[in-house]
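In: build me a structure from this.
(one chain, ligands or ions: 2)
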Amino acid sequence: MPVTKAQWGVVIVAAGRGTRMGTKESKQYLLLQDKPVLVHTMELFQGMDEIAEIVLVVGGDDVSRCEAFANEYALSKVKAVVQGGSERQHSVLRGLRAIGTEWVMVHDGVRPLVTAEAVRRCMREAERSEASVLAVPVKDTIKQVNEAGVITATPDRRSLWAIQTPQAFRHVRLVEAHERAEADGFVGTDDAVVVERYGGIAVTVAEGEYTNIKITTPEDLPYASFLLGQRG
Ligand SMILES: Nc1ccn([C@@H]2O[C@H](COP(=O)(O)OP(=O)(O)OP(=O)(O)O)[C@@H](O)[C@H]2O)c(=O)n1
Ligand SMILES: C[C@](O)(CO)[C@H](O)COP(=O)(O)O
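Out: Ligands and ions are numbered 1, 2, ... in the order given. Okay, the predicted model is just below:
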């Protein structure tokens with residue numbers, strides 16, 4: 001059952017090189033069980049009634065193979081496959097320009113384990129607050145460490161959250177914030193920080209899931225495979 005009547009689209013960013021993974025093939029195309037990581041991610045949004053369209057952002061050499069994925073895996077909501085930029089943030093803005101819905105989520109192509117329930121929490125919270133991101137409280141003690149390896153601060157863990165995707169916004173607001181950031185030469189590591197700085201509104205957190213991992217380094221892929229297996 002759809003949880004909202006609003007029109008939602010999703011920009012899936014997958015134009016990164018995956019340098020921390022260190023594989024020849026970029027991590028979004030590595031097989032997770034039987035399918036590329038990116039296909040698992042797209043299938044989740046394809047299957048949600050609330051999602052009207054998907055824009056996929058990929059590297060210049062990968063546009064045609066991703067258009068082929070859309071056919072091969074019957075991903076009928078894929079409206080466009082566009083070429084990304086040098087930073088995640090540039091890739092996001094290119095994707096946002098191809099989306100036609102009033103509300104939009106941005107999601108990492110390499111977070112294939114997000115669930116529909118978590119995505120719905122994020123959408124619902126964004127419709128309430130205008131801007132929302134999935135997040136989980138950090139479990140470890142976090143320290144600030146300087147270049148000499150010396151601990152310089154121990155922030156209070158109760159205020160620290162690990163931020164995930166999707167991140168959800170009213171489309172017009174997110175585009176405006178990204179365009180201002182671009183004009184200012186600001187580059188951040190997620191979309192929330194762009195809205196925090198240039199959007200003029202507060203961004204709220206919605207309850208994420210510890211299993212919504214971002215496949216980043218080599219140990220993440222077997223862990224993702226294990227988690228997927230647990231879900232049957
Ligand atoms: N110029 C870029 C950089 C990243 N991404 C996407 O943003 C998501 C999160 O980024 P990250 O995990 O850092 O991916 P990479 O940039 O590929 O990894 P690395 O930093 O290890 O190179 C990924 O789905 C990645 O493909 C993108 O679309 N365009
Ligand atoms: C957007 C993100 O996934 C939130 O955790 C993260 O910031 C992406 O950062 P990366 O440097 O591209 O891994």
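In: going forward, measure contacts between C-alpha atoms and count neighbours the same way
Out: Will do.
In: low pLDDT regions in the chain?
Out: Applying pLDDT under 70 to the chain flags the ranges 1.
In: stretch 154-168 and ligand 1 in contact?
Out: No - judged by C-alpha under 6 Å from any ligand atom, stretch 154-168 makes no contact with ligand 1; its nearest approach is 9.3 Å.
In: first to last residue in that stretch, what's the distance?
Out: Using C-alpha to C-alpha, to the nearest Å, one end of stretch 154-168 lies 30 Å from the other.
In: what do you get for stretch 208-222?
Out: For stretch 208-222, by C-alpha to C-alpha, the gap between its terminal residues amounts to 21 Å.
In: got a list of contacts for it?
Out: Residues from elsewhere that reach stretch 208-222 (C-alpha atoms under 8 Å, 6 or more residues apart in numbering): 18, 20-22, 27, 32, 108, 110-115, 118, 134-136, 164, 224, 227.
In: can you give me the buried ones in that stretch?
Out: By neighbour count on 16 or more other C-alpha atoms under 10 Å, the buried set for stretch 208-222 is 208-209, 212-216, 221.
In: do the same with stretch 171-182
Out: Across stretch 171-182, burial judged by 16+ other C-alpha under 10 Å covers 171, 173-181.
In: got the residues of this structure near ligand 1?
Out: 13-21, 84-88, 91, 108-110, 216.
In: can you rerun that using 8 Å?
Out: When proximity is defined by C-alpha under 8 Å from any ligand atom, the chain lies next to ligand 1 at 12-22, 26-28, 57-59, 84-92, 107-111, 214-217.
In: so which residues of this protein form helices?
Out: 37-46, 63-72, 88-96, 116-129, 171-184, 191-198, 220-230 (DSSP state H).
In: now render the ones you listed as a markdown table, adding distance to ligand 2.
Out: As requested, the helices of the chain are exported to a markdown table (distance: least, C-alpha to the nearest ligand atom, whole Å):
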| stretch | distance to ligand 2 |
| --- | --- |
| helix 37-46 | 14 |
| helix 63-72 | 20 |
| helix 88-96 | 6 |
| helix 116-129 | 14 |
| helix 171-184 | 14 |
| helix 191-198 | 7 |
| helix 220-230 | 13 |
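In: ok, the residue nearest to the spatial centre of the chain to Gly229 distance?
Out: Centroid-nearest residue in the chain, with C-alpha atoms, centre = their mean: His107, separated by 2.2 Å. Noted for His107: a distance of 22 Å to Gly229, by C-alpha to C-alpha.
In: and for Pro166?
Out: Here Pro166 is placed at a distance of 23 Å from Gly229 (C-alpha to C-alpha).
In: which of the two has more residues huddled nearby?
Out: Pro166 (28 against 10; other C-alpha atoms under 10 Å).
In: enumerate the positions of the strand ranked longest in the chain that are buried.
Out: Counting residues, the longest strand found in the chain (DSSP state E) is strand 161-170. By neighbour count on 16+ other C-alpha under 10 Å, the buried set for strand 161-170 is 163-170.
In: and for stretch 33-43?
Out: Per 16+ other C-alpha under 10 Å, stretch 33-43 contains these buried residues: 36-43.
In: same question for stretch 108-120.
Out: Using 16+ other C-alpha under 10 Å as the test for burial, stretch 108-120 gives 108-114, 118-120.
In: follow-up on the earlier one: just give the nearest non-adjacent residue to the residue nearest to the centre of the chain, would you?
Out: Pro166 (4.4 Å; C-alpha to C-alpha, 6 or more residues apart in numbering).
In: identify the residues contacting that neighbour.
Out: Contacts of Pro166 (C-alpha under 8 Å, 6+ apart): 105-108, 119, 122, 133-134.
In: between which two of these is the distance greatest?
Out: The most widely separated members of those, counting by C-alpha to C-alpha, are Asp108 and Cys122 (14.5 Å).
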